[in-house]
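K.L.:
mind folding the following:
(chains A and B)
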Amino acid sequence: MMQLALEVGQTAQPEAIMFWILGPMAVAAALGMLLVKKAVHSAILMAFVMIVLAIFYIAQDAVFLGIVQIVVYTGAVMMLFLFILMLVGVDSSDSLIETIPGLRPIAFTAAIGFGGLMVSLLGRATLGRDAIGLAAANADGNVEGIAMLLFSTYVFPFEVVSALLITAAMGAMVLAHQHRTTARPTQRQLSINRFRGASLGTAAGLPGPGVYARHNAVDVPALLPDGTPAPTSVNASLEARGDMLDYKSFDLAEVNTQIEEEK
Amino acid sequence: MDASNYLYISALLFTIGAVGVVVRRNAIVVFMCIELMLNASNLSLVTFSRINGDLDGQVMAFFTMVVAACEVVVGLAIIVAIYRSRRSASVDDASLLKR
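P.N.:
Here you go, the predicted model:
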């Protein structure tokens, strides 16, 4: 079988094995991107597809692009996506109910039509010759070959693209900028607010958790000088999740203060 | 295996990305699907570069990557700006012009 495959003038066998393992995985991951509910899972699947594409680039003698794909796409772009996802709310999962009636069947029909068209087009098109391969073009090394093209034939697009990068950075700064609607409070104002506030109890800051309590952990409220627990000393999000230990059991009145004699 | 098999994968990934742009409604997922389409076109550029035996396709793929990086920076800034004013990252909620 292998002999037959080699006889018909096909490319190296290891590449074919790699392709038939990774190709379906990439397509499956891309399909999963459409179907999973959480945006974070989509991002992870997308990163997987990008890594597979990087492997494909390297297998096709595009070593520079393969490394750039990993560094720029999986490293920078996908992490930026994840960063924004964390900022915008990880748990805001997409509801999969369609708002425009009939959108989904139309979309899938159009996709099957488009995909079928592309695939049948590729199947029918013939180049009339075999693939040349990049052995000659990469003779001086792939990076050197690309650099030679980039700084001779494509030097003007290269400069334009650099201008585009700077403009994009400026644009992002402009879009992300926020004007203050109120004046920044001064040190003096902050101090006055702290002492003229609702109670003097928090004037020196909130007590830390676990201080003088029976455990030295963040989920245990501190004990105030009079022995009562201070629930404000525990982080509000711990309290909201219900992870705070029941502070009533830490009230000194409940604790057995009888010292037992050691035997 | 023929080099054009990569083109089939590229066409499939592009189609999946296009469906994602239409079907999904979280703006960030829509954006990721656009990235998937750009990546698919990059794969076909690299494959054509191999078929033709010159590096021009790879240089074009390189330019596509740079433009995609710019697009991500600006697009995500827009998404964050919309999220700040509307508290939502769904593309259906930004429908102020409809009413």
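K.L.:
how far away is residue B:77 from residue A:102?
P.N.:
33 Å (Cβ to Cβ, to the nearest Å). Yep, even glycine has a C-beta here, placed from its N, CA and C like the rest.
K.L.:
more neighbours: the two, which one.
P.N.:
The neighbour count for residue B:77 versus residue A:102, taken as other Cβ atoms under 10 Å in any protein chain shown, is higher for residue B:77 (20 against 8).
K.L.:
surely the more buried one touches residue A:177?
P.N.:
No: judged on Cβ atoms under 8 Å, residue B:77 makes no contact with residue A:177 at a distance of 9.6 Å.
K.L.:
got the phi and psi for the residue in the stretch 101-250 of chain A positioned nearest to chain B?
P.N.:
As assessed by Cβ to the nearest Cβ, chain B sits closest to residue A:132 within the stretch 101-250 of chain A, at 3.0 Å. The phi and psi torsions at residue A:132 (degrees, to the nearest 10) take the values phi -80, psi -40.
K.L.:
and if you look at residue A:243?
P.N.:
According to degrees, to the nearest 10, residue A:243 has phi -90, psi 0.
K.L.:
contacting residues for it?
P.N.:
residue A:219 (Cβ atoms under 8 Å, 6 or more residues apart in numbering or on different chains).
K.L.:
next one: phi and psi at the residue nearest to residue A:32 when sequence neighbours are not counted?
P.N.:
Setting aside the residues directly before and after it, residue A:32 is nearest to residue A:45 in space (Cβ to Cβ, 6 or more residues apart in numbering or on different chains), at 4.9 Å. When read as degrees, to the nearest 10, the backbone of residue A:45 gives phi -60, psi -40.
K.L.:
what's the answer for residue B:90, then?
P.N.:
phi -90, psi 140.
K.L.:
tally of neighbours for residue A:225?
P.N.:
Residue A:225: 6 surrounding residues under other Cβ under 10 Å.
K.L.:
helix, strand or coil: sort out it for me.
P.N.:
Secondary structure, DSSP: H, G, I helix; E, B strand; the rest coil: residue A:225 is coil.
K.L.:
can you check residue A:100 too?
P.N.:
Residue A:100 ends up coil, using three-state DSSP.
K.L.:
and the residue in chain B that chain A sits nearest to, what is it in contact with?
P.N.:
Nearest residue of chain B to chain A (Cβ to the nearest Cβ) works out as residue B:53 at 3.0 Å. By Cβ under 8 Å, 6+ apart, residue B:53 lies in contact with A:131, A:132, A:133, A:134, A:136, A:137.
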